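Chemist: Here's my sequence, what's the structure:
(2 chains)
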Amino acid sequence: ETGVTQTPRHLVMGMTNKKSLKCEQHLGHNAMYWYKQSAKKPLELMFVYSLEERVENNSVPSRFSPECPNSSHLFLHLHTLQPEDSALYLCASSPGTRGYEQYFGPGTRLTVT
Amino acid sequence: GESVGLHLPTLSVQEGDNSIINCAYSNSASDYFIWYKQESGKGPQFIIDIRSNMDKRQGQRVTVLLNKTVKHLSLQIAATQPGDSAVYFCAENMDSSYKLIFGSGTRLLVRP
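Modeler: The predicted structure follows:
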């Protein structure tokens, strides 16, 4: 799990707050991903960055805003969230610029009150 | 696992027995498949993957079998141990895209 780290591990925020999730990969990978895992659905891909360029935005509401300043770091900025956004947010990275061999971090458990 | 709200199929096996977890995938054009293990409170952990040009691949105590004719994938775990208790997900990738499409998972329970 130390290959991909995520902070914070747990976050509680109100609907009017602004917060950010951070992901860092120590694997020298070229692509990074944000996924959402909720209790009622399988893992859902949110965003993909390849070589720091966003290559996929999977119909995610604008209250989620990703940022990839370099190939090792990925952020997910959150604002004006809804209670239904409460979920486990997982970051992953992969070595190539395709979706093979994705390695996940431990996730951030987000609760929106 | 994190999918506790889903109606997950559950496989219960005796410690030391072999486990077989099955997965039906959706797209005949998928060319890459991967198995993950997710323990409670953790992110998915890579177990093994296989490309569509292969029928079988072996790792340490695990074997993945791919049957493209019926779009079926299986994960075999030899000599199942208590530490193998987790939710197991299969995922498929189509046309070398970025997107992995995940199944809903199977919960494996190992009885001592």
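
Chemist: Now do the buried residues in the least confident helix or strand in chain B by mean pLDDT.
Modeler: The helix or strand of chain B with the poorest confidence is strand B:100-102; it has a mean of 89 (mean pLDDT, DSSP states H and E). By neighbour count on 16 or more other C-beta atoms under 10 Å in any protein chain shown, the buried set for strand B:100-102 is B:Leu100, B:Ile101, B:Phe102. Placement of C-beta: from N, CA and C, glycine included.

Chemist: and B:Gly83, helix, strand or coil?
Modeler: At B:Gly83 the chain is in helix, as set by DSSP: H, G, I helix; E, B strand; the rest coil.

Chemist: how close does it sit to chain A?
Modeler: Using C-beta to the nearest C-beta, to the nearest Å, B:Gly83 is found at 15 Å from chain A.

Chemist: Distance of that residue relative to A:Pro66?
Modeler: Per C-beta to C-beta, to the nearest Å, B:Gly83 is found 34 Å from A:Pro66.

Chemist: quick one on the thing from earlier: which of the buried residues of strand B:100-102 are close to chain A?
Modeler: B:Leu100, B:Phe102 (C-beta under 8 Å from any C-beta of the partner chain).

Chemist: Nearest to B:Ser74 among the buried residues of strand B:100-102?
Modeler: B:Phe102 (16.4 Å; C-beta to C-beta).

Chemist: shouldn't that closest one be in contact with B:Phe89?
Modeler: Yes: counting by C-beta atoms under 8 Å, B:Phe89 is a contact partner of B:Phe102 at 5.4 Å.

Chemist: which residues do these two both contact?
Modeler: A:Pro42, A:Leu43 (C-beta atoms under 8 Å, 6 or more residues apart in numbering or on different chains).

Chemist: Can you name the residues of chain A sitting close to chain B?
Modeler: Proximity of chain A to chain B (C-beta under 8 Å from any C-beta) is limited to residues A:1, A:4, A:6, A:31, A:33, A:37-43, A:45, A:48, A:50, A:55-56, A:58, A:88, A:90, A:98-107.
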